[in-house]
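Q: just a sequence and a predicted model for now, questions to come.
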Amino acid sequence: MEVAMQCTAKNRVYRFNPSDTVILFLPSAKPAELISSIPAEFVFLKENADLSFFKGKQGEIALFPFARHPTIILCGIGEPKEADAESLRRAGAAAASVCRDKAVDTAHCVIPSVNGMEESAVLAALTEGFFLANYAFDRYKKKKEDNGKHPVRRLVAYTGVRDASLILNRITTICRNTLLCRDLVNETSEQSDAEGIAREALALKRLPKVSCRVYGRRELEKMKMGLLLAVNRGSGRPPRLVVLTYLGAGRGKPSIAIIGKGITFDAGGMNLKPTGHIEDMRTDMAGAAAALYAFKSAAELGLKKNIHAVLPLTENMLARDSYRPGDIYTAFNGMTVEIGNTDAEGRLILADALAYTEKTLKPSAIIDIATLTGACLVTFGEIAAGYVATDDSIASLLEEASRATGEWIWRLPLFKDYEENVKSDIADVCNVSPEKNAGTIMGGMFLKQFVTTSTWAHIDIAGTARHSKPRGYRPKHATGFGVRLLVDVIERWHPS
Ligand code: BES
Ligand code: MN
Ligand code: ZN
């Protein structure tokens, strides 16, 4: 979707054509107040329509078609006292939804002022919610309009905000990349395989200050990425390790690294997943996709930060030569790993990627993001991601970014007492714990063994990366969770 704007002075009067569709966002209020908050140029609405039923509740919609005036859509934003970025995103999503149902091509949105909120924040949140809700993965559908949803082609925001174009550029860049992230995750494992994702990464070389290296099987063997190669053994498709670098701060300055789990299909391997658990496992590369598109957003926005994105990519398949429970492999850092369960593959490829990143890229902070454990879905549902961190400063950056973006995360502990359960009798560590409990923490504890010096956080998006039904501005299937959160973290991060 294209986003444009009409910037106007304080006592502005907008001019619309009768063929336009105009969206007015209204807070909940008594009928008289509500009507008086409608801008003067929409006097025809007050004169010709009975508005008494409209309460302005969050997401409430009313549509008024006129013959000689523009069509008006009223969209409620709820109690002004309770208004925040997240409630406005949801109001924006409700507006997008009705526009799509009514096949509106260009949506003219009049940005309201909301008590207690900066007008620029209102502009950003409404546009963001609208943009994120205006999505359909329909490239395999012959009849695109089967479900009655026509994406809106253009949004025009009417606002008096001074830096509106700057704000809109930031929002559209991040939202566009969030939708691209959803596309990559929703794509079939045939298309979004290791090579396909590496190709997307290589395309970023066209951006200023971006370089990209892609390592194949032979190179990974030379580099001794024993765990990534072990997971790849059952797959007919070669593995890839993508290393992207963006030098926005300049060479030699500290960097932040983002690592994303890129299992392009997780069959579970020898510990094969049963029916009911295997169907959506093409989305097990959602961490890699989030890291890739957060990196791309940061580079497109020209952030003055040095950023790496590291993506270990492979399928986890069942075949004659798959790796087996009881096998032992040597990780990039020389540690030996007993395979207790071939379905705990994400932590294996991430372990190699973490050790590699720390040793060769020497970032001052590392964040990994992964659809790592079913236990995380059990704990938080599809609403929040779990995370662990070795450092309170990175944790508070994540919490601030979470509050700002509405991508909810919640911290889990890394108490030393958990550590005994990653030990193995026959190797240095084992990829599953003998106790079946605390699955998400154990995933984090295992990864921690491969990080030594860096400030590090691990985000488990097993529940949030994919939705079983639409929720507000997030659709069913891939949500793009993590892109907005990570961009926000990178913006907040300042190397000490
Ligand atoms: N990719 C899965 C985790 C997952 C489950 C993501 C459900 C999204 C939805 C991961 O590789 C996995 O299979 N984890 C195992 C770990 C276990 C064997 C220790 C799990 O959660 O069962
Ligand atoms: Mn698995
Ligand atoms: Zn997995």
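A: Done, it's in. Because the structure is a prediction, the values reported are computed rather than measured. Ligands and ions are numbered 1, 2, ... in the order given.
Q: assess the claim that residue 270 and residue 320 are in contact.
A: No: between residue 270 and residue 320 there is no contact under CB atoms under 8 Å: 10.8 Å. All C-beta atoms are positioned from the backbone trio N, CA, C, and that covers glycine.
Q: neighbour count: those two, which is higher?
A: Using other CB atoms under 10 Å as the criterion, residue 270 and residue 320 rank with residue 270 on top: 19 against 6.
Q: how about the helices in the protein?
A: Here the chain has its helices, by DSSP state H, at 31-36, 43-48, 85-101, 119-133, 164-186, 194-202, 217-223, 226-232, 286-300, 346-356, 374-380, 392-405, 439-448, 483-492.
Q: give me the buried positions along the fifth one.
A: By that I understand helix 164-186. 164, 167-168, 170-186 (16 or more other CB atoms under 10 Å).
Q: using CSV, write out the CA atom coordinates for it.
A: Taking C-alpha atoms only, helix 164-186 is exported to CSV below (Å, rounded to 0.1, in the frame of the first residue of the first chain):
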residue,chain,number,x,y,z
ALA,A,164,4.5,13.9,9.2
SER,A,165,6.5,12.8,6.2
LEU,A,166,9.3,11.6,8.5
ILE,A,167,7.0,9.7,10.7
LEU,A,168,5.1,8.2,7.8
ASN,A,169,8.3,7.1,6.1
ARG,A,170,9.4,5.3,9.2
ILE,A,171,6.1,3.6,9.7
THR,A,172,5.6,2.6,6.1
THR,A,173,9.2,1.2,5.9
ILE,A,174,8.8,-1.0,9.0
CYS,A,175,5.2,-2.1,8.1
ARG,A,176,6.1,-2.9,4.5
ASN,A,177,8.9,-5.1,5.8
THR,A,178,6.6,-6.7,8.4
LEU,A,179,4.3,-7.7,5.5
LEU,A,180,7.2,-9.0,3.5
CYS,A,181,8.2,-11.0,6.6
ARG,A,182,4.7,-12.5,6.7
ASP,A,183,5.0,-13.4,3.0
LEU,A,184,8.3,-15.2,3.4
VAL,A,185,7.0,-17.2,6.5
ASN,A,186,3.6,-18.0,4.8
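Q: that one: how far from the chain's middle?
A: On the basis of CA atoms, centre = their mean, to the nearest Å, helix 164-186 sits 10 Å off its chain's mean C-alpha point.
Q: helices and strands around that helix, which ones?
A: strand 2-7, helix 119-133, helix 286-300, strand 477-478, helix 483-492 (3 or more CB pairs under 8 Å, 6 or more residues apart in numbering; DSSP states H and E).
Q: please redo it, this time with the cut-off set to 10 Å
A: Secondary-structure packing of helix 164-186 (3 or more CB pairs under 10 Å, 6 or more residues apart in numbering; DSSP states H and E): strand 2-7, helix 119-133, strand 154-159, helix 194-202, helix 286-300, strand 466-467, strand 477-478, helix 483-492.
Q: picking up where we left off before, lowest mean pLDDT across the helices of the chain, which one is that?
A: For these, the weakest mean pLDDT is recorded on helix 31-36, namely a mean of 86.
Q: sort out which residues of it are buried, please.
A: Buried, per 16+ other CB under 10 Å, within helix 31-36: residue 34.
Q: partner residues bridging whatever residue of the stretch 151-300 of the chain ends up closest to ligand 2?
A: Of all residues in the stretch 151-300 of the chain, residue 266 sits closest to ligand 2, at 4.4 Å by CB to the ion. Counting by DSSP bridges, residue 266 is bridged to residue 316.
Q: with residue 258 instead?
A: Beta-bridge partners of residue 258, as defined by DSSP bridges: residue 309, residue 367.
Q: ok, it touching residue 368?
A: Yes: between residue 258 and residue 368 there is a contact at 7.4 Å, judged by CB atoms under 10 Å.
Q: just the CA trace of stretch 14-31, in PDB.
A: What follows is stretch 14-31, C-alpha atoms only, in PDB (Å, rounded to 0.1, in the frame of the first residue of the first chain):
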ATOM      1  CA  TYR A  14     -10.200  19.600   3.700                       C
ATOM      2  CA  ARG A  15     -11.700  19.300   0.300                       C
ATOM      3  CA  PHE A  16     -13.000  15.900  -0.900                       C
ATOM      4  CA  ASN A  17     -14.700  14.700  -4.000                       C
ATOM      5  CA  PRO A  18     -18.000  12.900  -3.800                       C
ATOM      6  CA  SER A  19     -16.300   9.700  -5.000                       C
ATOM      7  CA  ASP A  20     -13.900   9.800  -2.100                       C
ATOM      8  CA  THR A  21     -14.100   7.600   1.000                       C
ATOM      9  CA  VAL A  22     -13.200   9.500   4.200                       C
ATOM     10  CA  ILE A  23     -12.500   7.900   7.500                       C
ATOM     11  CA  LEU A  24     -13.200  10.000  10.700                       C
ATOM     12  CA  PHE A  25     -11.900   8.600  14.000                       C
ATOM     13  CA  LEU A  26     -14.000   9.500  16.900                       C
ATOM     14  CA  PRO A  27     -13.500   9.000  20.700                       C
ATOM     15  CA  SER A  28     -16.400   7.700  22.800                       C
ATOM     16  CA  ALA A  29     -18.400  10.500  24.000                       C
ATOM     17  CA  LYS A  30     -22.000  11.600  24.600                       C
ATOM     18  CA  PRO A  31     -23.900  12.100  21.300                       C
END
